[in-house]
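[1] Task: produce atomic coordinates for the following.
(one chain, ligands or ions: 1)
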Amino acid sequence: MGKPKVVLGVGGGIAAYKACELLRRLTESGHDVRAVPTASALHFVGAATWSALSGHPVSTEVWDDVHEVPHVRIGQQADLVVVAPATADLLAKAAHGLADDLLTNTLLTARCPVVFAPAMHTEMWEHPATRENVATLRRRGAIVVEPAVGRLTGVDTGKGRLPEAAEIFEVCRRALARGAAAPDLAGRRVVISAGGTREPLDPVRYLGNRSSGKQGYALARTAAARGARVTLVEANTGIPDPAGVDVVHVGTAVQLREAVLKAAADADAVVMAAAVADFRPAAYAPGKIKKRDGVEAPEITLVRNPDILAEISAERARPGQVVVGFAAETDEVLANGRDKLRRKGCDLLVVNEVGERRTFGAEENEAVVLSSDGTETPVPHGPKEALADTVWDLVAARLPA
Ligand code: CTP
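    The predicted structure follows:
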């Protein structure tokens with residue numbers, strides 16, 4: 001089998017320079033990459049760069065090498081098309097099926113997964129025309145990653161930056177791995193909580209837990225790669241925002257509840273992967289708690305935090321909304337898991353064993369997914385993404401058509 005064929009479409013934006021890094025990552029990881037810049041992209045990075053980095057000739061128009069019918073062949077032969085940066089203009093052309101250069105022709109002839117990584121000024125990204133074009137492309141199964149937030153071309157900052165090449169590369173790798181399989185979460189909205197809440201005692205101290213957030217991020221990345229619109233509610237992970245995902249940063253259980261409930265209002269599925277503190281200090285000391293000679297250690301009174309998983313399971317924001325919980329157990333893992341599934345009222349519960357041997361923060365995981373219909377799906381030891389994909393398989397099977 002030859003190398004997977006990737007078409008890298010490059011739009012005319014300042015972020016075109018970042019696409020060089022994406023091209024290099026793709027070729028170095030064994031992909032045969034054909035760069036198809038638009039004529040405006042060549043104002044930012046010249047044809048010689050794309051040709052040298054890809055090892056292929058580069059043209060922007062359909063009139064070069066006409067005997068090879070490139071406007072049809074390049075798209076037909078591709079295993080993946082990724083457009084980075086995708087300008088507002090390119091998104092509009094793709095959404096409306098316009099084909100006035102080699103890249104837009106390629107987008108019409110491609111039958112493989114297509115990834116768009118938009119980059120533009122915030123106003124353009126937020127314009128209703130762009131919003132509708134993005135929605136159209138997603139509905140048809142394209143993966144449109146959310147732009148990153150940060151410094152834009154000039155002194156301004158906001159949403160619209162091209163995500164880092166490494167992030168876009170990850171989305172491409174996943175889309176390629178899934179191959180021609182339709183993005184089964186296209187058009188779906190999902191909410192994922194990740195990380196561990198911290199409950200402040202005073203300005204410098206908190207009660208926390210060891211959750212790394214890696215499983216929640218794996219769920220977010222895989223859902224985005226399967227076409228979902230993802231909101232990730234993140235608590236204290238320190239992990240960079242993944243491409244293609246709206247991230248809400250929170251600290252405490254109460255903040256996490258508020259953010260999850262808000263995002264869940266129009267979500268098809270909610271996955272609670274965060275480790276939420278069951279208790280928080282009853283009182284917050286506005287000044288640092290000091291030790292005093294002759295005074296015993298202070299007592300800390302705890303109060304219960306709301307159980308978010310039980311709440312969203314009991315009051316589904318939409319009919320057919322699928323709710324998934326996680327449970328870390330040290331013993332009687334399956335029996336405790338089955339009991340917890342019933343108590344929380346969720347549809348699926350991912351149960352894994354934790355203990356001294358099984359450390360938090362690992363790259364790999366092993367679990368059993370319990371379902372409210374009684375089925376149990378064991379997931380062997382492996383990358384957290386494999387577990388994430390199994391969770392989405394089970395969620396997708398439960399979503400109403
Ligand atoms: N969870 C939640 N809100 C809480 C506590 C937990 O939504 N206040 C969610 C977690 O995100 C996870 C699931 O519930 O999906 C399992 O949490 P766990 O703490 O194991 O369940 P508990 O009911 O607290 O069970 P126990 O402490 O008895 O193990």
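
[2] Now stretch 346-360: buried residues?
    By 16 or more other C-beta atoms under 10 Å, the buried positions in stretch 346-360 come out as 346, 347, 348, 349, 350, 351, 352, 353. Using the backbone N, CA and C atoms, a C-beta is placed for each residue, glycine as well.

[3] Give me the distance from that stretch to the chain's centre.
    Centroid separation between stretch 346-360 and its chain, computed with C-alpha atoms, centre = their mean, to the nearest Å, is 22 Å.

[4] Quick check: residues of the stretch 251-400 of the chain near the ligand?
    Along the stretch 251-400 of the chain, the residues adjacent to the ligand under the rule C-beta under 6 Å from any ligand atom are 253, 272, 274, 276, 278, 305, 307-309, 325-328, 340.

[5] Selecting buried members of these in ChimeraX, what would you type?
    Selection of buried members from those for ChimeraX, criterion 16+ other C-beta under 10 Å:
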select :253,272,274,276,305,307,308,309,325,326,327,328,340
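
[6] where in the stretch 51-200 of the chain is pLDDT low?
    180-182 (pLDDT under 70).

[7] Residue of it nearest the ligand, please.
    For the stretch 51-200 of the chain and the ligand, the shortest gap (C-beta to the nearest ligand atom) falls at residue 193, measuring 6.1 Å.

[8] what sits up against the helix or strand encompassing that residue?
    Using DSSP states H and E, residue 193 sits in strand 189-195. For strand 189-195, contacts defined as C-beta atoms under 8 Å, 6 or more residues apart in numbering pick out 211-213, 215-217, 219-220, 223, 228-237, 256, 260, 263-264, 266-276, 308, 395.

[9] again, but for stretch 21-36
    By C-beta under 8 Å, 6+ apart, stretch 21-36 touches 2-10, 19, 50-51, 53-56, 58-60, 74, 78, 82, 84, 102-103, 106, 165-166, 168-169, 172-173, 176.

[10] Buried ones in it, by neighbour count?
    Buried residues in stretch 21-36 (16+ other C-beta under 10 Å): 21, 22, 23, 25, 26, 27, 31, 32, 33, 34, 35, 36.

[11] Equivalent analysis for stretch 263-272, please.
    263, 264, 267, 268, 269, 270, 271, 272.

[12] Quick check: the farthest pair among those?
    Greatest spacing in these, by C-beta to C-beta: 268 and 272 (14.9 Å).

[13] thinking again about what came up before, which one of the residues of the stretch 251-400 of the chain next to the ligand is nearest residue 386?
    residue 326 (15.6 Å).

[14] Against residue 342, how distant is the closest one?
    16 Å (C-beta to C-beta, to the nearest Å).

[15] Residue 161 now?
    45 Å.

[16] Please apply the same query to residue 284.
    35 Å.

[17] where does residue 275 fall, phi/psi-wise?
    phi -90, psi 110 (degrees, to the nearest 10).

[18] who are the neighbours in contact with it?
    Counting by C-beta under 8 Å, 6+ apart, residue 275 has contacts 195, 196, 197, 209, 210, 211, 328.

[19] repeat that with 10 Å
    Residues near residue 275 by C-beta atoms under 10 Å, 6 or more residues apart in numbering: 193-197, 208-213, 216, 235-236, 253, 326, 328, 360.

[20] Drop anything exposed from these.
    Buried, going by 16+ other C-beta under 10 Å: 193-197, 208-209, 211-213, 216, 235-236, 253, 326, 328, out of the contacts of residue 275.

[21] Out of those residues, which is nearest to residue 67?
    Checking the buried ones among the contacts of residue 275 one by one against residue 67 (C-beta to C-beta), the nearest turns out to be residue 216, at 51.7 Å.

[22] Check which helix or strand that closest one maps to.
    Going by DSSP H and E, residue 216 is part of helix 214-225.
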